[in-house]
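1. could you work out the structure for the sequence below:
(one chain, ligands or ions: 2)
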Amino acid sequence: MAAPWDDVLRDKSAIQEAAWVAVDAALLEGVLMRTEGEPNASDVVNYAPFTLLPSAVPSALFEQAYAVQQDFNLLVDAISQNKEFLEHTLASTVKVDDFTARLFRIHVQVLEEGLAQSVFLGINRSDYMFDCGVDGTPALKQIEINTIAASFGGLTSRTVAVHGRVLKVLGKSKEASRLLPNNPSKGLALGIAKAWELYGSQSAVVMFLVEEVQRNIFDQRCVENELWNRNIRVIRKRFRDVFEKGSLDDAKRLYMDGQEVAVVYYREGYVPKNYDQQNWEARLLLERSRAVKCPDIATQLAGTKKVQQELSRPGTLERLLPGHAEAVARIRATFAGLYSLDMGEEGDKIAAMAIADPDRFVLKPQREGGGNNLYGEELRQVLEKIRDSPERTSYILMDKIKPQPAMNYLLRAHSPLQVSECISELGIFGVYVRQGKEMVMNKAAGHLLRTKAIEHADGGVAAGVAVLDTPYLV
Ligand code: ADP
Ligand code: MG
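-> Ligands and ions are numbered 1, 2, ... in the order given. You can find the predicted model right below:
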């Protein structure tokens, strides 16, 4: 999987020159983030971290990831409509994981009341690594699918231009011209715009539900801009604003400050720390409303690690997608080994297997956002402590994927320029819109490549571990 610029990697002065150009290009193109010191103001901003060079990605695996995205969209949508499956799958998890339990309670409540929402919008990102099997042939293996607040579709739309510039500076114009265009922010906005249109009120707005700390605002602004360009009004509000100023009318139309909301696009609400009691109440209000939630609470639950693990059981995909044998086969081909730690004989055996050989596995709780998984010795210690307790059912176990590392430079503000051994994770954005029972849009909307130094087992860009990258197909 060598890239055709390994020759220049050790040319210190050429690399330094290219890095200066790269940083300025990133600032010019808008690959931006607010700073840690001033996360809620744009007076001082910096570039979002990125690789100096694009990373080699096997073109067959890249195409495979795109080809399976519509299948994953269908699957997530099917799970979200399957009350029995969600209930059965999450039964053990909700007993021990309070966060999943609270989400689940809202899900049950809105179903009991009857769904007011009739248009559904899903924006997800399916993430993969390229596993090097015993014979060294890389295979596409899914890490997870993110069904809420999947980010970096905006900033990654702008990294191609930066990497193109760097390659030219390094005398690789031919390679620069081979970089693929990529614009997820446009694809996501087209989905939001379609949902807004089907909601059917010209004067209604799209509400971005945003965090208290908004360092990654520019990524979201890319999507917002695409909506404004289509004359769709966008407002940005926090859960707290919804608690204070949100209301429903008799038909469960959602109003914020007197403005009707057609679509709620969550860039928040996926981890326990996003919620206090008032925020939970705000979430319930939004879920009860007629507004199109992206995602609705059932779709958020469809993205839990526990659901991912249950999908890998023989027969489950077939039951969820009857009559879609080819889609099922494409989906299953991307699965790594996934194992349940539910109480009982099967779970006992899995726990013992992981304790005996911890380096083969990753232990994952029902959390998002990076930095929560356990590996190696830590995995062994934790699992040993909880192996006989129901607490173990709040985790799933997964085979550890082992990609072939490659050398690159990770550019971060205030960090020295040094070469690192890196691995990459490819994400494909999926967008779909359903009206009642009818799928009216189902698309792959672009990609995101993130790269990190191999010494970090875990973590994404927002967690400060991975950086933005651009695939170079080989
Ligand atoms: P999160 O919801 O926190 O993003 P992930 O499942 O994506 O959870 O895991 C976080 C990170 O941990 C991934 O980006 C990847 O770098 C690493 N990781 C997760 N699962 C595996 C695995 N099976 N093998 C190797 N690395 C993994
Ligand atoms: Mg992840």
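
2. just the CA atoms of stretch 446-458, as CSV, please.
-> The C-alpha atoms that make up stretch 446-458 are tabulated as CSV, following Å, rounded to 0.1, in the frame of the first residue of the first chain:
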residue,chain,number,x,y,z
GLY,A,446,-18.9,11.4,0.5
HIS,A,447,-16.1,10.2,2.6
LEU,A,448,-13.8,11.1,5.5
LEU,A,449,-10.3,9.7,6.1
ARG,A,450,-8.8,10.1,9.6
THR,A,451,-5.3,9.1,10.5
LYS,A,452,-3.5,8.7,13.8
ALA,A,453,-0.2,7.6,15.1
ILE,A,454,-0.2,3.9,16.0
GLU,A,455,0.7,4.5,19.6
HIS,A,456,-2.9,5.7,20.2
ALA,A,457,-5.3,2.8,20.4
ASP,A,458,-8.4,5.0,20.5
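
3. buried ones in it?
-> For stretch 446-458, a neighbour-count test (16 or more other CB atoms under 10 Å) marks 446-453, 457-458 as buried. Where you see a C-beta, it was placed from the backbone N, CA and C, and this is true even at glycine.

4. from ligand 1, how far off is the closest residue to residue 42 other than its chain neighbours?
-> The shortest distance from residue 42 to any non-neighbouring residue, by CB to CB, 6 or more residues apart in numbering, is to residue 34 (6.4 Å). Residue 34 sits 21 Å away from ligand 1, going by CB to the nearest ligand atom, to the nearest Å.

5. count of neighbours near residue 34?
-> For residue 34, the count of nearby residues is 21 (other CB atoms under 10 Å).

6. same check, this time on residue 54
-> The number of residues near residue 54, taken as other CB under 10 Å, comes to 30.

7. what are the ranges of the strands in the stretch 101-250 of the chain?
-> With DSSP state E, counting those that start in this stretch as the criterion, the stretch 101-250 of the chain has strands at 119-132, 138-146, 205-209, 234-237, 246-248.

8. out of the buried residues of stretch 446-458, which sit inside strands?
-> 446-453 (DSSP state E).

9. circling back to that earlier point, in CSV, list the strands of the stretch 101-250 of the chain along with mean neighbour count and mean pLDDT.
-> Listed next are the strands of the stretch 101-250 of the chain as CSV, based on neighbours: other CB atoms under 10 Å; pLDDT from 0 to 100:
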stretch, mean neighbour count, mean pLDDT
strand 119-132, 24, 98
strand 138-146, 20, 98
strand 205-209, 25, 98
strand 234-237, 18, 98
strand 246-248, 17, 98
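
10. re earlier: hang on, the residue nearest to residue 42 packs against residue 40?
-> Yes: between residue 34 and residue 40 there is a contact under CB atoms under 8 Å: 7.3 Å.

11. now for those two: what residues contact both?
-> Residues touching both residue 34 and residue 40 by CB atoms under 8 Å, 6 or more residues apart in numbering: residue 214.

12. quick one on the thing from earlier: and of the strands of the stretch 101-250 of the chain, who's closest to ligand 1?
-> strand 138-146 (3.9 Å; CB to the nearest ligand atom).

13. run the chain-centre distance for that closest one.
-> What separates the centre of strand 138-146 from the centre of its chain is 12 Å, taken as CA atoms, centre = their mean, to the nearest Å.

14. if we can go back for a sec, show me the contacts for the residue nearest to residue 42.
-> Contacts of residue 34 (CB under 8 Å, 6+ apart): 40-42, 44-46, 214-218.

15. go with 7 Å
-> 42, 45, 214-215, 217 (CB atoms under 7 Å, 6 or more residues apart in numbering).

16. can you tell me which of those residues is nearest residue 377?
-> residue 215 (32.3 Å; CB to CB).

17. counting contacts, what elements does the helix or strand where residue 24 lies pack onto?
-> Assigned by DSSP states H and E, residue 24 belongs to helix 12-29. Helices and strands touching helix 12-29, as assessed by 3 or more CB pairs under 7 Å, 6 or more residues apart in numbering; DSSP states H and E, comprise strand 45-47, helix 159-169, strand 406-411.

18. returning to that earlier point: okay, the buried residues of stretch 446-458 in TSV with pLDDT and distance to residue 66 next?
-> Formatted as TSV, the buried residues of stretch 446-458 follow (pLDDT from 0 to 100; distance: CB to CB, whole Å):
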residue	pLDDT	distance to residue 66
446	98	10
447	98	8
448	98	13
449	98	13
450	98	17
451	97	19
452	96	23
453	96	27
457	81	27
458	82	26
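
19. what's the neighbour count on residue 260?
-> Neighbours around residue 260, by other CB under 10 Å: 16.

20. next: the one 4 residues further on.
-> If you count neighbours by other CB under 10 Å, residue 264 ends up with 26.
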